[in-house]
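Peer 1: got a predicted model here, sequence first, then my questions.
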Amino acid sequence: MASFAAAQHLLPASTFRSSPLLPNRPSISSLSYKPLSFSSSTAGFGQAGVAIEFKDRGLFVQIAAVQHLMGSLTRAEGLRFAVVVARFNEVVTRLLLEGTLETFKRYSVKEEDIDVVWVPGSFEIRGDTSHYDAVANSAASGVLSASLNSGVPCIFCVLTCEDMDQALNRAGGKSGNKGAEAALTAIEMASLFKHHLIQ
């Protein structure tokens, strides 16, 4: 629900003064705001908006609508994926890869649409120096940069753990498999780009 303050922030007074539908230029205080209904569909999008009703005239005007776009986990056909896996700490990274590949298979991504690239990689478990923080920040920055520069969604699945037990717990142990979670995010983002953002 949009509060009066939120709606006033989204729709400044100048919006009302310049509208040909509102010739008498009502003041903000004479307006009441009502949210429009939200709908969604299997195509993965819906609309919501803000409506204005004049208390004294019963006039109802839709001012703005927001389109909600979402990727789909069920529309993976024609999507291609690359998974970059570090050989460093392979006992952990191989488990993450297995979780990723199992999830792709479960969501009907064909094997021929997946490339696995092994790199030397080094994202170490925290030690006694601040080197770990520099490496973690650089890895996050590098993934963001690759995504922005390529226009292709790049999903960040790098474990930042204090010790090997934490790493193993996040690679299929009691904390789940972060590789599987990254695969779900990748499918949804690729679907969003293909079906809604790339024309």
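Peer 2: Thanks, I have it. Numbering: from 1, shown residues only.

Peer 1: please make it C-alpha for all contacts and neighbour counts, starting now.
Peer 2: Fine.

Peer 1: is it fair to say Val116 lies in a strand?
Peer 2: Yes. According to DSSP: H, G, I helix; E, B strand; the rest coil, Val116 belongs to a strand.

Peer 1: near it, how many other residues are there?
Peer 2: 12 (other CA atoms under 10 Å).

Peer 1: next one: Arg87
Peer 2: Other residues lying near Arg87 total 15 when counted by other CA under 10 Å.

Peer 1: list the contacts of the residue lying closest to it once chain neighbours are set aside.
Peer 2: Among residues not flanking Arg87 along the chain, Pro120 sits closest, at 5.2 Å (CA to CA, 6 or more residues apart in numbering). Neighbouring residues of Pro120 by CA atoms under 8 Å, 6 or more residues apart in numbering: 86-88.

Peer 1: can you add secondary structure and give these back as TSV?
Peer 2: Shown next, in TSV, are those (three-state DSSP):
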residue	secondary structure
Ala86	strand
Arg87	coil
Phe88	coil
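
Peer 1: and those, which is the shakiest by pLDDT?
Peer 2: Ranked by pLDDT, these bottom out at Phe88, which scores 88.

Peer 1: any idea how far Ala146 lies from Trp118?
Peer 2: Going from Ala146 to Trp118 by CA to CA, to the nearest Å gives 17 Å.

Peer 1: and for Gln67?
Peer 2: Distance of Gln67 to Trp118, given as CA to CA: 39 Å.

Peer 1: then Lys194?
Peer 2: 26 Å.

Peer 1: tell me which helix or strand in the protein has the weakest average pLDDT.
Peer 2: helix 4-10 (a mean of 32; mean pLDDT, DSSP states H and E).

Peer 1: what lines up beside the helix or strand hosting Val84 in the sheet?
Peer 2: Element membership for Val84, per DSSP states H and E: strand 81-86. Here strand 81-86 is paired, per DSSP bridges, with strand 114-119 (parallel).

Peer 1: coming back round to it: of Lys194 and Trp118, who's got more company?
Peer 2: Between Lys194 and Trp118, Lys194 has the larger neighbour count (other CA under 10 Å), namely 16 against 12.
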